[in-house]
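**Q** Kindly generate the corresponding structure for this input.
(chains A and B)
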Amino acid sequence: MKTGLGATLLRAGRRLLSSLPALFGVLVFTFLLMRVLPGDPAVFFASGPNAGKEEIEQIRKQMGLNKSVPEQLVFYLSDIGHGNLGRSMMTGQPVLKDLRERLPASLELTFTALLIALIAAVPLGVVAALRPGSLVDHGVRLFCALGVCVPTFVSGLLLIYVFYYLLGLAPDPTGRIDVFTSLPPQRTGFLSIDFLLAGDLEGWWAAFRQLILPAVSMALFVIAPLARITRASMLVSLGSDFVRTARSVGLSWRKVVVTYALRNAILPVITIAGIVFSTMLGANVLVEKVFSWPGVASYALDALLSSDYAPVQGFVLLMASLFVLVNLVVDVCYGIADPRVSIE
Amino acid sequence: MTDQLLDIEDLHVSFSTRRGTVEAVRGVTLTVAKGEMLGLVGESGSGKSVTGFATTRLLDAAGRVTGGKIMFRGQDVTKLRGDDLRQLQGAAMSMIFQNPRAALNPIRAIGLQIADAILTHKKISKDAARAEALELLRAVQIRDPETRMNAYPHELSGGMCQRVMIAIAISCNPSLLIADEPTTGLDVTTQKVVMDLLADIAAARGMATILITHDLGLAARYCRRIAVMERGRIVEEADPKTLFSAPQHAYTKRLVAASPTATSRIEDLVTEEEREGYAAVLGKPRHEPAYGTPPLLEVRQLAKRFDEGSAAVADFSMTMAGGESVGLVGESGSGKSTTSRMICRLIDPSEGDIVFDGQSIGHIASRDFHKSPLRKDIQMVFQDPNESLNPRFTAYDCIAHPLLRLDGMRAGDALRKRVEECAERVGLPLDLLSRFPHQLSGGQKARVGIARAIACRPRLLVLDEPTAALDVSVQAVVLQLLDRLRRENDIALLFVSHDLNVVRMLCDRTIVLRNGGIVEQGESRALFDNPKTDYTRKLVEAIPHIDTGKLLAAAV
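**A** Here you go, the predicted structure:
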């Protein structure tokens, strides 16, 4: 048997290889889907509503749309192979560059939201599980239900109304940073981290204030699944034989709850957190729109509405790759947290 | 008396359930002296474990002590709170549990778990606690303790896990240890080793022990005094010899009779009224197959290799005549279940052939065997009556299912008649047919499992530890039922079991397996009375014997 970490990494590598066919499938499927959807990009990008037939034909030719679908697919795939995701008709820039500019914004928002959600959900779930059926348990349930029922754009608008309009605590919801703040040298692309690295605390505070409202409104939505799964697995853990053993030798309450029960109960939460993260990344378009956040999701939505093929295809490919990556990370974390997983 | 360590007086415990309050313990009075080993014996639901949990204050939230006192070293345990309680748990009394693997934290190294227990009660450094944990692993005779310190429970065998559990329980030198079914689920040989170890440690440290078990033989072997519990009360208390030779209470008599011993016969196990009908069957002469009849089952050089590693079963050959009963015994991992599953055609053999009634069936893929007309001739009864019944099927559906699938019957009066017939054969009251598995008792579920297996009138019944999960009194009735089916319907039985006493009673011939190969085989009684190999001798010696057969016969 290999050491735990080595075996885990080996397994992760194998998983990565086995997900390549799925990524290819995603690539082809999105390509075909875009071709099937109604709307002609050539008409959209023609000079005006009264553009002549010849002009549209010419644009079609220029874009390669006059070729058959299989031919277009082959060109597309060979471009991808060369690391070229095409050019966006909206921005006029290569899609790769667009995505690279916007992805850190989305990731920063999603990571922060997930962190807030976990910090809130795990204790809530634990507290609910320690006293099932009590007032606290019902309170947590109510809070979770509310979080799920209220759509993110509604909670986002509510937060803006309360903290920006009524209380004036939050800055205006217009992107990652207000225009007058000088940006730090870009290292990670995460503004809050870049500011810290540059030692600019004032800038960090400004970026943080911009970030907190959208992150909270996203977190509210995913606290429910995380808290519920924590509660459920904590209940199983607390009722298990090994917790009884721990109690039988008189371990302290803290040791029983944290070291014995919670560490076991957290395992399914890791898996769910991975799924939640992937979902958030794709679904945060509403929050990005409400807070004018310059992220990838709102970029892809704009592209979709204007039949701009390349950015949409690039976005889906990016999401699929991130999904694979997140699953890998979850896998590795799980392998480290649970010694039983590494033996196969 | 002053030398009493534990003095339980008129203890009452009740559980609040959805259907109201259930009294699990109703008036138990019990004493344990310093250094004594007391056996607390009873069947499931008798309240023996609940008494143990009440003493160590580990009852779950639904359970409550409603009356009585538990005096331990002059303190009433039921009144302790907070820190006083934690001082008691682990340090003064501790407990070991039935399922050792589940009782250990699966994601914490065992050395740390032992150290946790030590650090709770002693103000010493982590390194010192680690060193003590290592000493404890040595004390419970774990080989290579230095490396095992970092092992996780899933890397250890069941017996090893139980030793670790013992190490945790004795880590702070308690004066009372409560062992709740400590060896149930372990092999007989492992059971002996673990119990010997426990007895030695208790004797060496002067630790009083309460051994909670359903196995009278086990209690008799290790305890000087045995208390028998039935439905929340202690019905009898005596030393083992008196208990077995002259049981006073009716329940004890039944329990003693139902516990299989080296000399008991199936008809001895049950009471007069349950024996009715069976005697008549026994009287009838066995239907001897005509000379030259080909065997019902012939297995030739069967082998099974799983994906990696060595063969699970290798070179296994046997024959069975119609109506014969053959026992397959061995420790866990000896390949007995694998063999029985190959013969049932639930898994595919890697090599060899299985000939049933003159037709070779070994080459039919197991996934296609359900289409074979022979499927209904070979049926199986599984170990766990709870897990092997579909929870969404009523007893009626369970029994009707094979008739619909294999006999091509249609729903209607004919089917209902057949199902009721089967239920009657196995002694299942007809009004239980509409119930779901969770509404049936263990014995009733076992009967449904058997009724389902015999529904299509098979000629070979393969039974994989069919009574392992049952109480002895239920086991007695089920064994009698099986023997009766064999005699009346000429069904051949292939009986997989680790309980040698049961195999000895039920089976004409026995095959002893070890590491996937046959070690020894022959006529059951001869084989057990006079084992030829060391392995078989070890198996036979490991069974707790009750050597009071003659006295008992005189007493009943």
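**Q** and residue A:85, what pLDDT?
**A** Residue A:85 carries a pLDDT value of 81.
**Q** how about it, secondary structure?
**A** coil (DSSP: H, G, I helix; E, B strand; the rest coil).
**Q** What about it, how many residues nearby?
**A** Residue A:85: 22 surrounding residues under other C-beta atoms under 10 Å in any protein chain shown. Yep, even glycine has a C-beta here, placed from its N, CA and C like the rest.
**Q** In contact with it, which residues?
**A** By C-beta atoms under 8 Å, 6 or more residues apart in numbering or on different chains, residue A:85 lies in contact with A:79, A:94-96, A:99, A:310, A:313-314, A:317.
**Q** 7 Å instead, please
**A** A:94-96, A:310, A:314 (C-beta atoms under 7 Å, 6 or more residues apart in numbering or on different chains).
**Q** out of those, which are inside helices?
**A** Among the contacts of residue A:85, the members found in helices (DSSP state H) are A:95-96, A:310, A:314.
**Q** ok, so of the contacts of residue A:85, who is nearest residue B:418?
**A** residue A:314 (65.7 Å; C-beta to C-beta).
**Q** any idea how far chain B is from that closest one?
**A** Distance of residue A:314 to chain B, given as C-beta to the nearest C-beta, to the nearest Å: 41 Å.
**Q** so that residue touches residue A:94, yeah?
**A** No: judged on C-beta atoms under 7 Å, residue A:314 makes no contact with residue A:94 at a distance of 9.4 Å.
**Q** okay, the two: which has more neighbours?
**A** A count of neighbours by other C-beta under 10 Å puts residue A:314 above the other of residue A:314 and residue A:94, at 24 against 16.
**Q** Distance check, that one against residue A:333.
**A** 28 Å (C-beta to C-beta, to the nearest Å).
**Q** Ok, residue B:265 next?
**A** Applying C-beta to C-beta to residue B:265 and residue A:333 gives a distance of 60 Å.
**Q** show me what contacts the residue nearest the centre of chain B?
**A** By C-alpha atoms, centre = their mean, chain B has its centre lying nearest to residue B:468, at 3.9 Å. Residues near residue B:468 by C-beta under 7 Å, 6+ apart: residue B:383.
**Q** Same question for it, what's its three-state structure.
**A** Applying three-state DSSP: residue B:468 is coil.
**Q** Kindly list the main-chain dihedrals of it?
**A** phi -60, psi -30 (degrees, to the nearest 10).
**Q** Can you check the pLDDT for it?
**A** At residue B:468, pLDDT is 78.
**Q** Please apply the same query to the one 4 residues further on.
**A** Residue B:472 is assigned a pLDDT of 83 by the prediction.
**Q** I'd like to know how far it sits from residue B:504.
**A** In this view, residue B:472 and residue B:504 are 15 Å apart by C-beta to C-beta.
**Q** Residue A:52 now?
**A** 100 Å.
**Q** and these two? which has more neighbours close in?
**A** residue B:504 (24 against 10).
**Q** what about that one, helix or strand, and which?
**A** helix B:500-506 (DSSP states H and E).
**Q** what helices or strands is the helix or strand following that helix leaning on?
**A** Using DSSP H and E, the helix or strand that follows helix B:500-506 in sequence is strand B:509-514. Counting contacts by 3 or more C-beta pairs under 7 Å, 6 or more residues apart in numbering or on different chains; DSSP states H and E, strand B:509-514 packs against strand B:325-329, strand B:517-523, helix B:524-529, helix B:534-542.
**Q** Just want the angle from strand B:509-514 to strand B:517-523.
**A** 160 degrees (axes from the mean of the first three to the mean of the last three C-alpha atoms, to 10 degrees).
**Q** between strand B:509-514 and strand B:325-329, how many degrees?
**A** Going by the same axes, to 10 degrees, strand B:509-514 makes 20 degrees with strand B:325-329.
**Q** Check what contacts strand B:509-514 and list those residues.
**A** Contacts with strand B:509-514, where a contact means C-beta under 7 Å, 6+ apart, come from B:318, B:326-330, B:334-336, B:503, B:518-524, B:527, B:535-536.
**Q** For those residues, which PyMOL command selects only the ones that are buried?
**A** Restricted to buried positions by 16 or more other C-beta atoms under 10 Å in any protein chain shown, the PyMOL selection for those reads:
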select buried, chain B and resi 318+326+327+328+329+330+334+335+336+503+518+519+520+521+522+524+527+535+536
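**Q** circling back: how about the helices and strands packed on strand B:509-514, which one is nearest residue A:191?
**A** strand B:517-523 (69.1 Å).
**Q** Quickly run through the sheet partners of that closest one, with directions.
**A** In the sheet, strand B:517-523 lines up against strand B:509-514 (antiparallel) (DSSP bridges).
**Q** so which strand or helix has residue B:221?
**A** For residue B:221, the element it lies in under DSSP H and E is helix B:216-222.
**Q** Report all helices and strands that that helix contacts.
**A** Short answer (3+ C-beta pairs under 7 Å, 6+ apart): helix B:216-222 packs on strand B:37-41, helix B:188-205, strand B:208-213.
**Q** what about residue A:335, neighbour count?
**A** Residue A:335: 20 neighbours (other C-beta under 10 Å).
**Q** Could you pull up phi and psi at the nearest residue to it once chain neighbours are set aside?
**A** In space, residue A:335 comes closest to residue A:8 once its chain neighbours are excluded; the distance is 3.3 Å by C-beta to C-beta, 6 or more residues apart in numbering or on different chains. Per-residue torsions, residue A:8: phi -60, psi -40 (degrees, to the nearest 10).
**Q** hang on, residue A:8 packs against residue A:334?
**A** No: contact criterion C-beta under 7 Å: residue A:8 and residue A:334 do not qualify, at 8.4 Å.
**Q** hey, what's residue B:460 bridged with?
**A** Residue B:460 has these beta-bridge partners by DSSP bridges: residue B:378, residue B:492.
**Q** residues contacting it?
**A** Residue B:460 neighbours (C-beta under 7 Å, 6+ apart): B:296-297, B:377-378, B:492, B:494.
**Q** at 8 Å what do you get?
**A** B:296-297, B:320, B:343, B:356, B:377-379, B:491-494.
**Q** for those, which one is nearest residue B:33?
**A** residue B:493 (46.8 Å).
**Q** ok, that closest one to chain A distance?
**A** Distance, residue B:493 to chain A, by C-beta to the nearest C-beta: 35 Å.
**Q** Within its local environment, how many residues does residue B:418 see?
**A** 18.
**Q** Show me what the helix or strand harbouring it is packed against.
**A** Element membership for residue B:418 (DSSP H and E) is helix B:413-425. Using 3 or more C-beta pairs under 8 Å, 6 or more residues apart in numbering or on different chains; DSSP states H and E, the elements in contact with helix B:413-425 are helix B:395-406, helix B:442-454.
**Q** Which residues does that helix contact?
**A** So helix B:413-425 is contacted by B:395-396, B:399-400, B:403-404, B:409, B:429-430, B:432-433, B:447, B:451-452, B:454-455, B:485 (C-beta under 8 Å, 6+ apart).
**Q** Now restrict these to buried residues only.
**A** B:395-396, B:399-400, B:403, B:409, B:432-433, B:447, B:451-452, B:454-455, B:485.
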